[in-house]
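Engineer: got a structure for you, letters missing:
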DNA sequence: AAATTATGACTGACCAGTCGGTCATACAAG
DNA sequence: CTTGTATGACCGACTGGTCAGTCATAATTT
């Protein structure tokens, strides 16, 4: 039961923060959820802030890994993009209730926009994602599969698309109903850019 | 300077919550921003919670009013939908920094999903919106302007679309750059459902 | 001068982070 | 083998600071 305690704490923290929010989620709650003492949490993390940062990294890392697998594949641009959408949404569904942590990530990033002049971690990830998508789009246009477009515009649109769907999925929380949305979403998006 | 004090407080609260977040934004901050004493805030609102609820109503009310104007118009379904997208995004841009409050609304709603079995306020608004959009879509299909589709699926997609774009706009915060995205977004979405 | 409205000092609840202490385990000496 | 000793993971009571909400008083209006 006691494997990597750091991971154990992160997973507990995701559950707690998803349920209560970043501010209301107490360190004591995380400790209880992880089945350890409060003091022990501080053996592994310096502060609450640091736990949240670790969650951010963990969630984003996973997304990026999945993305990397796709990019390396030898699918056609159209199939690559479809797979991207499909897998992205399946990943959301796979997160279960932990997906509610996404709103905390977003809210946190939004607050950051006021303070730091510079990049949030989340912004960096988005930029990375956008670069990859633009590349697929360009390849698709060159292959004659996609219409002419503003790559930057459509890449941003795709991000909006996926975040928005994540949000809708949180609200719906009904796999079956969401399957319907997912199907239409992919169909509409692809029709929107296909030649 | 002292018109409707309730509205004055709400506006101050939007600024404060957008900048600091719902938890970190102190009542004292709101009072200072509104140019009144802390105690006075409690003359108009019973609690912090109540202020937030008022913000929710205020923001959503405005959205709904705008929507109602469109529905009543005698535009064709296609033009109605395009106007909906266009106006929706212009409304976002018009919110300025106050748009950052949206993430707080979302995060709050997400937390609510754990506790209440029933509907969040936000969920109700979404449902209302979906009903209106479905009606436009149905009219469009009947008029031969739109392809056959799952109304529920596409309506949800449209919501995802707009929320996602709101989020991207928050991150970009560059009107010019966003104009580009906006144009592609509308083009792609309409292509996705046009016959 | 009574009523209404505004104020900010005050209070009590709450919680992140600290720290002195416990205890299971490992290793060494007898 | 078993007694003694060292280690550091683990713990939760405690502290210091923060902040929502209260209330006695002050200012303003009627």
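Structural biologist: Sure thing, it's come through. Just so it is clear, the structure is predicted and the values come from calculations on it, not from any experiment.

Engineer: any buried residues in the lengthiest helix in chain A, and which?
Structural biologist: Secondary structure of chain A per DSSP state H: the longest helix is helix A:48-72. Neighbour-count burial for helix A:48-72 flags A:48, A:51, A:52, A:54, A:55, A:56, A:59, A:60, A:67, A:70 (criterion: 16 or more other CB atoms under 10 Å in any protein chain shown). No exception for glycine: its C-beta is placed from N, CA and C like everyone else's.

Engineer: quick one, grab the pLDDT at the closest residue to residue A:130 other than its chain neighbours.
Structural biologist: Closest residue to residue A:130 apart from its sequence neighbours, by CB to CB, 6 or more residues apart in numbering or on different chains: residue A:155 at 4.5 Å. Residue A:155 carries a pLDDT value of 97.

Engineer: how about residue A:3?
Structural biologist: The model's pLDDT for residue A:3 equals 57.

Engineer: go on, the one 4 residues further on?
Structural biologist: pLDDT recorded at residue A:7 is 95.

Engineer: what about it, distance to DNA strand D?
Structural biologist: Residue A:7 sits 12 Å away from DNA strand D, going by CB to the nearest atom of the strand, to the nearest Å.

Engineer: now do the contacts for that residue.
Structural biologist: If you count contacts by CB atoms under 8 Å, 6 or more residues apart in numbering or on different chains, residue A:7 has none.

Engineer: over to residue A:60?
Structural biologist: Taking CB under 8 Å, 6+ apart as the test, what residue A:60 contacts is A:121, A:122, A:125.

Engineer: repeat the analysis, applying 10 Å as the threshold.
Structural biologist: A:105, A:121, A:122, A:124, A:125, A:126, A:128, A:129 (CB atoms under 10 Å, 6 or more residues apart in numbering or on different chains).

Engineer: quick check: it vs residue A:129, distance?
Structural biologist: Residue A:60 is 10 Å from residue A:129, where distance means CB to CB, to the nearest Å.

Engineer: domain map for chain A?
Structural biologist: Domains of chain A are assigned by automatic domain parsing as A:1-45, A:52-193.

Engineer: near DNA strand D at all, the longest helix of chain A?
Structural biologist: No. On the criterion CB under 7 Å from any atom of the strand, helix A:48-72 is out of touch with DNA strand D, staying 12.4 Å away.

Engineer: if we can go back for a sec, just the buried residues out of the contacts of residue A:60, in ChimeraX syntax.
Structural biologist: Selection of buried members from these for ChimeraX, criterion 16+ other CB under 10 Å:
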select /A:105,122,125,126,129
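
Engineer: gap between whatever helix or strand residue A:189 lives in and the chain center?
Structural biologist: Following DSSP states H and E, one finds residue A:189 within helix A:175-193. Chain-centre distance of helix A:175-193: 18 Å, with CA atoms, centre = their mean, to the nearest Å.

Engineer: stretch A:15-33 now?
Structural biologist: 20 Å.

Engineer: which SSE is immediately downstream of the longest helix of chain A?
Structural biologist: Heading C-terminal from helix A:48-72 (DSSP H and E), you reach helix A:77-95.

Engineer: that following helix - what's its average pLDDT?
Structural biologist: Helix A:77-95 comes out at a mean pLDDT of 92.

Engineer: give me the angle between the longest helix of chain A and helix A:77-95.
Structural biologist: 150 degrees (axes from the mean of the first three to the mean of the last three CA atoms, to 10 degrees).

Engineer: quick one: check helix A:48-72 for contact with DNA strand C.
Structural biologist: Yes. Helix A:48-72 reaches DNA strand C (CB under 7 Å from any atom of the strand) through A:48, A:49.

Engineer: distance between that helix and the chain's centre?
Structural biologist: Its chain's C-alpha centre and that of helix A:48-72 lie 8 Å apart, by CA atoms, centre = their mean.

Engineer: same question, stretch A:122-130
Structural biologist: Distance, centroid of stretch A:122-130 to centroid of chain: 11 Å (CA atoms, centre = their mean).

Engineer: ok, now stretch A:105-120?
Structural biologist: The answer for stretch A:105-120 is 16 Å, by CA atoms, centre = their mean.

Engineer: do stretch A:40-51 as well
Structural biologist: 23 Å.

Engineer: which residues are in contact with it?
Structural biologist: Contacts of stretch A:40-51 (CB under 10 Å, 6+ apart): A:4-10, A:12-14, A:16-17, A:22-23, A:25-28, A:30-31, A:34, A:36-37, A:52-54.

Engineer: same thing but 7 Å
Structural biologist: Outside stretch A:40-51, the residues that touch it by CB atoms under 7 Å, 6 or more residues apart in numbering or on different chains are A:5, A:6, A:9, A:13, A:27, A:30, A:31, A:54.

Engineer: top of the residues you listed by neighbour count?
Structural biologist: With neighbours taken as other CB atoms under 10 Å in any protein chain shown, the top of the contacts of stretch A:40-51 is residue A:13, carrying 27 neighbours.

Engineer: ok and whichever strand or helix holds it relative to helix A:48-72, angle-wise?
Structural biologist: Following DSSP H and E, one finds residue A:13 within helix A:5-20. For helix A:5-20 against helix A:48-72, the angle between stretch directions is 100 degrees (the same axes, to 10 degrees).
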